[in-house]
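*Asks:* Here's my sequence, what's the structure:
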Amino acid sequence: MGEKLFSAVVLVMCVLMLLRLCLGERLRERVDGALRRFGARVRRLGGRAGQWRKWRQSRAAAERGAQEAIRRARHRADRDGNVIRPDSFRKPRKPH
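*Replies:* Below is the predicted model of the structure:
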């Protein structure tokens, strides 16, 4: 299946390149310019998709960091009903 698809794509590309050679100089320049503009548009859209992906990844990383901080805070403290007493409150205030 993959080999047939690949060979079909190559065949279409060869036919398009042959047709391009048959065009006149002015028409060939117009077609080439249109293809360049289309390629630039596709690259710009691809760049926006990359920004969206980076935004999602940074948001997910921030959420993981927040969950990790919450988990660490819960494990360093003892609960006495609704009161949370962290280990740091058990140290003497004046060490002398």
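*Asks:* for V31, what are its contacts?
*Replies:* Applying Cβ atoms under 8 Å, 6 or more residues apart in numbering, we find V31 in contact with R20, L23. The C-beta positions use only the backbone N, C-alpha and C, and glycine is treated the same way.
*Asks:* what about it, which SS state?
*Replies:* Three-state call for V31 (DSSP: H, G, I helix; E, B strand; the rest coil): helix.
*Asks:* Which pLDDT value goes with it?
*Replies:* According to the prediction, V31 has pLDDT 91.
*Asks:* Tell me where the model's unsure across this protein.
*Replies:* Scanning the chain with the threshold set as pLDDT under 70 gives 49-50, 76-82, 84-93, 95-96.
*Asks:* How far off centre is the helix or strand where V42 lies?
*Replies:* Following DSSP states H and E, one finds V42 within helix 25-75. On the basis of Cα atoms, centre = their mean, to the nearest Å, helix 25-75 sits 5 Å off its chain's mean C-alpha point.
*Asks:* Stretch 7-21 now?
*Replies:* 33 Å.
*Asks:* contact partners of that stretch?
*Replies:* R28, V31.
*Asks:* now swap in stretch 64-72 and tell me
*Replies:* Under the criterion Cβ under 8 Å, 6+ apart, not a single residue lies in contact with stretch 64-72.
*Asks:* Use 43 as the first number from now on
*Replies:* Right, with 43 as the first residue, what we last looked at is stretch 106-114.
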